[in-house]
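*Asks:* Sequence plus the predicted model coming up.
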Amino acid sequence: MSFGSSSPRPQDRYDFIVCGAGSSGCAVAGRLAEDPGTRVLLIEAGGTDDLPEVLVPGQWPLNLGSDRDWNFAAEPNPHLNRRSIPLNMGKVLGGGSSINVMVWARGHRNDWEHFAQEAGDDAWGYRSVLDIYRRIEDWTGTPDEARRGTGGPVHVQTASDPQPVATAMVQAGQTLGIPAFGSPNGEMMEGRGGVAINDLIVKNGQRASVFRSYILPKLDQPNLTVLVHTQVSRLIFRGTTVIGVEVLQGAQRTRIMADREVILAMGAINTPKVLMQSGIGPEAELRANGIAVIQHLPGVGRNHQDHVSFGCIFESLTPITVGSGGSEATLYWKTDPELEVPDIFHCQLEFPVATAETTRLGVPAHGWMVFAGLSHPRSRGSLHLTGPEAHDPVRIEANTLAHPEDVRCAHRTIEIAREMAHAPAFKGLLKREAMPGRLGPGEMERYIRDSAVTFWHQACTAKMGRDPMSVVNGRLQVHGIERLRIADSSIMPTITSGNTMAPCVVIGERAAQIIRGAYPS
């Protein structure tokens, strides 16, 4: 494996160029490189992951705002009292899997059934996706041959020795009539939901990122090249066929050619940005930025979705130990059993974090919190160019809480978190509820808008489907363009239930499966 930041030679050619070494991109590149006769290039804008902030689970917050973060931020939002919320995204080998909370959440059965419906292809359905997950996972928990895999590249385990606040959350959920499960994946996500100790990508006390799972073991393979500190600036075309990419390394621009295909796996912000700056997207927006239109696709940069959460903070009687990265329990629940997918999504943290606007209520020195979130918010945002060049930032209209139903659902998810914290299971842990506390309707709505933050799960901005706003088909090919596929969270028609890392690995695996079928050895 060739690995480095030195500039590629202009004459360099590859069969496949994978742009972005995040959860999807690493899976695509790793699987394609299993064929020794296939030349694969993996391009990453960030650098090495060999740092304690990445590898030590408890140090993940130190990556936020660092040079391993794209440091995106949404525009000031009238629905959040004009707040601009950070939208962190990994800029490092492994992408989000190298800076996130390491939670492995596979999505609900009906998330994947919806993918299959939108794609018109049962290969995206739950039964097929279970096969992919069994191929991906090296599961160390209770055996479940129907749902879990062993011997795959990704080490998955239940959080070891979970802290008392995590086990109390599981017990408290049962008090509210929410069933407990041994894992938040598998059976729990085939029905109404439940509460469980988290599954994590932590192995021998270290983060086991998707890069370290799929790419690092192939270090010595001559057919796989990884370029770091290299930003993809635009696609190169012959007519409407993609034949390569232009990359930036500092001020130097270089063209690299692909003999077969280019796969964009740069995430839900950078993938649509590169598409638009290459001439693929809403015609009016491209022309307004002086970009020649290659293919009018009005859905590029639209349909932006993200999980939104509201911090519920509780003061503890004694200091809380942070274990396994600090997030060891989770809850998914359908408040109405007739819903197709869970509407409520909770993720516990073993330390309190408030927004700048809610710190006025007082943040305890010792405590825990629940990110009481929405699993499927109805608000939709959009991305917009500010110029035609790679250094021109993208403008993100996240539009969080724009839909009135999201505010109503916010009240429900917060109330569940508060009820759980006051359940008997927390009797020896809870000193007081720091926030939100008992608030009147007007005060609670202000709290909701002041406390809303992202789960860092941006998705759906180049969605898969067959309607006029879709960008890729069920085979992940960009409509109207040859030799170009997208494989990352941007292709989701709707966001999956829970953390998006594991579904992104599925998307990468599915992309590699499709591509290898199209180019048999």
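*Replies:* Happy to help now that I have it. Residues are numbered from 1 along each chain as shown.

*Asks:* Who does the top strand by length along the chain pair with, and is each partner parallel or antiparallel?
*Replies:* Ranked by residue count, the top strand of the chain under DSSP state E comes out as strand 252-264. The pairing partners recorded for strand 252-264 under DSSP bridges are strand 13-19 (parallel), strand 241-249 (antiparallel), strand 484-486 (parallel).

*Asks:* I'd like to know which of these is closest to L219.
*Replies:* L219 sits nearest to strand 13-19 of all these, at 16.7 Å, using Cβ to Cβ. Every residue, glycine included, has its C-beta placed from N, CA and C.

*Asks:* Report the buried residues of the closest one.
*Replies:* Neighbour-count burial for strand 13-19 flags 14-19 (criterion: 16 or more other Cβ atoms under 10 Å).

*Asks:* all helices of the chain, in order?
*Replies:* In the chain, the helices defined using DSSP state H lie at 23-32, 52-55, 109-119, 126-136, 164-175, 210-214, 267-277, 283-288, 404-421, 441-451, 501-518.

*Asks:* Need the nearest residue in space to V101, chain neighbours excluded.
*Replies:* Sequence neighbours aside, S327 is the residue nearest to V101 in space, at 4.5 Å (criterion: Cβ to Cβ, 6 or more residues apart in numbering).

*Asks:* for the one you found, what are its contacts?
*Replies:* 101-103, 198, 347-350 (Cβ atoms under 8 Å, 6 or more residues apart in numbering).

*Asks:* Equivalent analysis for G474, please.
*Replies:* Neighbours of G474 in contact, by Cβ under 8 Å, 6+ apart: 119-121, 123-124, 464.

*Asks:* Of those residues - the most surrounded one?
*Replies:* M464 (25 neighbours; other Cβ atoms under 10 Å).

*Asks:* For that one, name its beta-bridge partners.
*Replies:* Beta bridges link M464 to V472, judged by DSSP bridges.

*Asks:* Do you know the pLDDT at the closest residue to A354 other than its chain neighbours?
*Replies:* Excluding the flanking residues, the one nearest A354 by Cβ to Cβ, 6+ apart is V363, at 4.9 Å. With respect to pLDDT, V363 scores 95.

*Asks:* gap between V363 and V101?
*Replies:* 20 Å (Cβ to Cβ, to the nearest Å).

*Asks:* So the two - more neighbours on which side?
*Replies:* Under the neighbour definition other Cβ under 10 Å, V363 and V101 were set side by side, and V101 has more, 22 against 17.

*Asks:* ok, that one touching W60?
*Replies:* Yes. Applying Cβ atoms under 8 Å, one finds V101 in contact with W60, separated by 6.1 Å.

*Asks:* what touches both of the two?
*Replies:* 325-326.

*Asks:* Need the pLDDT of the residue nearest to V101.
*Replies:* 95.

*Asks:* so which of the strands paired with strand 252-264 gets nearest D111?
*Replies:* Among the strands paired with strand 252-264, the nearest to D111 by Cβ to Cβ is strand 484-486 (18.4 Å).

*Asks:* mean confidence score for that closest one?
*Replies:* If you average the pLDDT values across strand 484-486, you get 99.

*Asks:* and if you look at stretch 418-432?
*Replies:* Mean pLDDT, stretch 418-432: 97.

*Asks:* ditto for stretch 107-122
*Replies:* 98.

*Asks:* Give me the buried stretch members for it, please.
*Replies:* 107-119, 121.

*Asks:* Of these, just say which sits nearest to Y214.
*Replies:* G107 (19.6 Å).

*Asks:* Export the strands paired with strand 252-264 as a markdown table, with columns for distance to P503.
*Replies:* Below are these laid out as a markdown table (distance: least, Cβ to Cβ, whole Å):
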| stretch | distance to P503 |
| --- | --- |
| strand 13-19 | 18 |
| strand 241-249 | 25 |
| strand 484-486 | 14 |
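
*Asks:* Pretty sure A208 sits against L216.
*Replies:* No. Between A208 and L216 there is no contact under Cβ under 8 Å: 10.0 Å.

*Asks:* Compare the two and say which is more crowded by neighbours.
*Replies:* A208 (24 against 18).

*Asks:* Tell me the confidence at S521?
*Replies:* If you check S521, the pLDDT there is 77.

*Asks:* contacting residues for Y447?
*Replies:* By Cβ under 8 Å, 6+ apart, Y447 lies in contact with 310, 358, 435-436, 439.

*Asks:* between the residues you listed, which has the most around it?
*Replies:* Within the contacts of Y447, F310 tops the neighbour count with 26 neighbours, counted by other Cβ under 10 Å.

*Asks:* roughly how far apart are the residue nearest to V101 and W368?
*Replies:* S327 is 10 Å from W368, where distance means Cβ to Cβ.

*Asks:* which neighbours do the two share?
*Replies:* Contact with both S327 and W368 is made by residues 348-350, according to Cβ under 8 Å, 6+ apart.

*Asks:* Next step: these restricted to strands.
*Replies:* Residues of those located in strands (DSSP E): 348-349.

*Asks:* ok, of the shared contacts of S327 and W368, which one's closest to G25?
*Replies:* Closest to G25, out of all of these and judged by Cβ to Cβ, is L349, at 28.0 Å.

*Asks:* residues contacting the nearest residue to A196 once chain neighbours are set aside?
*Replies:* Excluding its sequence neighbours, the residue lying closest to A196 (Cβ to Cβ, 6+ apart) is P184, at 4.1 Å. Listed by Cβ under 8 Å, 6+ apart, the contact set of P184 reads 105, 194, 196-199, 330, 332, 498.

*Asks:* Just the residues contacting stretch 63-81, thanks.
*Replies:* Contacting residues not belonging to stretch 63-81 are listed as 46-47, 51, 53-54, 82-92, 98-99, 269-270, 357, 379, 381, 394-402, 446, 449-450, 452 [Cβ under 8 Å, 6+ apart].
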